[in-house]
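**Student:** Sequence and predicted structure, then a few things I'm wondering about:
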Amino acid sequence: MKRLGIENGALDAVDARIVALLADNARIPTAELARSVGLSAPSVAERLRRLEDSGVIEGYMARIAPAAIGYPVSAWLRVRPVPGELKRVAEIIRSIPEITECDRITGEDCFLARVRVASVADLERLLDQLVPYAMTNTAIVQSSPVLPRLPPLAPAA
């Protein structure tokens, strides 16, 4: 069943353009979106509502520069809980606000987490919370040549 141009995760060309524009600027006014896709503002507002209702658009947010708010050190942590401590480690990870994203992954490690901290000393204190229950491998980020972005939005054929 095709709904709003969304079928099996595919977007029609107009919805794909709307999503791409919002990914670039979540604050773009509906009227400007409408001009960019060649529709009326009410039509775009309805498409936005349907994209939200269908779960394509999960929310709107600003991209904040962590260094500008006092968190210049970024690192990726690979975390391997010791046997029997998976749930505890997941709870610890959830409780640490400096862990800004985390995925449970396949392979030798169970979690891959992004950390934003003010200093290497703060990173060490963070790691100390995990060490009794997990082994960690840390990679400090030098630069980010690709910022978070959407995968290609190929419209439905």
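**Tutor:** Cool, the structure landed.

**Student:** Show me what the helix or strand of the chain with the lowest mean pLDDT is packed against.
**Tutor:** Here the helix or strand of the chain ranked lowest by mean pLDDT, DSSP states H and E is helix 13-24, holding a mean of 94. Judged by 3 or more Cβ pairs under 8 Å, 6 or more residues apart in numbering; DSSP states H and E, the packing partners of helix 13-24 are helix 30-37, helix 41-53. C-betas here are computed from N, CA, C, even on glycine.

**Student:** what sits against the residue lying farthest from the centre of the chain?
**Tutor:** For the chain, the largest distance from the centre (Cα atoms, centre = their mean) belongs to Ser40, which lies 30.4 Å off. If a contact means Cβ atoms under 8 Å, 6 or more residues apart in numbering, then Ser40 has Ala34 as its contacts.

**Student:** Next up, phi/psi of it, please.
**Tutor:** phi -80, psi 160 (degrees, to the nearest 10).

**Student:** Residue numbering should commence at 643 henceforth.
**Tutor:** Yes, from this point I'll number from 643; that puts the last item at Ser682.

**Student:** a markdown table please, covering the helices and strands packed on helix 655-666 and showing distance to Ala658 and mean neighbour count.
**Tutor:** Converted to a markdown table, the helices and strands packed on helix 655-666 look like this (distance: least, Cβ to Cβ, whole Å; neighbours: other Cβ atoms under 10 Å):
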| stretch | distance to Ala658 | mean neighbour count |
| --- | --- | --- |
| helix 672-679 | 10 | 16 |
| helix 683-695 | 10 | 15 |
